Every structure is written in structure tokens, then in C-alpha cells.
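Q: Kindly generate the corresponding structure for this input.
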Amino acid sequence: MVAAIGEYIRNLAVFMLFMTMVGIVIPKGNYKTYIDLIMGFVLIFIMISPIYNFINRGAFDEAMEFFENIADMENIQELQLRQGFYEDAQMELIAHNVRAGLSLQLEELIISEGFTPTSINFVLSQDSESFLEILDIYINITESQQRGLIRIERISIGETPFTNVENPRTLELKNLISDVYNLSVDNIHIKVTEN
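A: This next block holds a predicted model:
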């Protein structure tokens, strides 16, 4: 530190001597004002250079590095938040596309069995372990009727009142869907509405 101060004083003294010599050698005229201006800038530079060197040696660099690290940590946290948001959005988009594809496939299957689907809803798992596993299927259908034919259910007199027994065609459809999607019949919910 003492050596740096000694060098600073030596540079300042040498420049002052040089400035005095230039002032003596150059005649008084138009050029003297420009030369004095340039010499003044050089003198200011020489006087500020120790501060600049001090800043460059470490204190300033350490402070800047500290603030850059803080900024980097904030950027990393922001990126992690964004990454989580984009991952969630991506998973939702994938689930939506899978539901759409499954719905189209199931719609074709239902139509081939003589029903008209009005709504199909797949409930998919969102866990990381069983991602997009089908949990439940909710289907609303109407029975397609051929022209001129009316289907009449068997009427019995004296039997027990109506119980919640499923239509055999609906049970067949449930079993078919269960086989196709490897899903329990209990997780397939079909609601038949009259046309």
C-alpha cells in the first residue's frame, strides 16, 4: 500500500514537471489554451487512477460479484418457477390431447354398437407414478333407433316394482369398454337418455 502511494506521488510530480516544461516551451497563443486543456485532462486522469486501481483490485469486483450472484439466484428462482408452470401447462395439454383421442376412439366404438354418444368424459390420473391412467369414464348416450321400428320393453304384471337393473345392451357396452380400456366395469358410468 505504501509503495502504491509512493508511486502515485512520483507520477504526479513527474507530470507536474512535464506540464511546467511544456508551458515554458510553448509560446503564448491560440495553441496554449488547447494544450492546457489536454494537460488538465491528463492531470485529472493521473489523480483519479489510484481510485480506479483500488476499485479494480478487488473491493469493487467482490461487490459486483456478490450482486451478480444475488441476481443469478433470483433469475434461477424465477426460471424454476417458470419451469414448474410450463411443466404443469404441458401436463395439462398432454392430458387434454389424450382425453380427446380417447374420446374419439370411444365414440367410434359406441356408434358401432348402435348408440349415439352425447358426451364422453375421461377422468385421468395426474400423479407422477400413474400419469394418465384412466380412473373413470362417464358416458351419456342415446339409443339409435331404426326408422319404423319401436323397441318395447317386456311388460310383466305382478312383479316387483322397478329396480335399477341395467339394460342388457348397456351391460354389453360396458363389458366391451372394460375390455378395450382394461378398466373395471364399476368405473364405467353410462347414462342412457331416451331419444
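Q: going forward, measure contacts and count neighbours with C-alpha atoms only.
A: Noted.
Q: Output the contacting helices and strands for the helix ranked longest in the chain.
A: In the chain, with assignment by DSSP state H, the single longest helix is helix 60-112. Here helix 60-112 touches strand 115-124, going by 3 or more Cα pairs under 8 Å, 6 or more residues apart in numbering; DSSP states H and E.
Q: who does the strand it packs on pair up with?
A: strand 134-143 (antiparallel) (DSSP bridges).
Q: how far off helix 60-112 does the strand it pairs with point, in degrees?
A: On the basis of axes from the mean of the first three to the mean of the last three Cα atoms, to 10 degrees, strand 134-143 is oriented at 40 degrees to helix 60-112.
Q: residues of the helix or strand just after strand 134-143 that come out buried?
A: Per DSSP states H and E, the first helix or strand lying C-terminal to strand 134-143 is helix 168-181. Buried residues in helix 168-181, defined by neighbour count with 16 or more other Cα atoms under 10 Å: 170, 173-178.
Q: CSV please, covering those and showing distance to residue 120 and pLDDT.
A: Below are these laid out as CSV (distance: Cα to Cα, whole Å; pLDDT from 0 to 100):
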residue, distance to residue 120, pLDDT
170, 15, 84
173, 14, 87
174, 13, 89
175, 17, 90
176, 16, 89
177, 12, 89
178, 15, 88
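Q: will you turn these into CSV that also has distance to residue 137?
A: CSV is the format used below for the buried residues of helix 168-181 (distance: Cα to Cα, whole Å):
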residue, distance to residue 137
170, 14
173, 12
174, 10
175, 13
176, 13
177, 9
178, 10
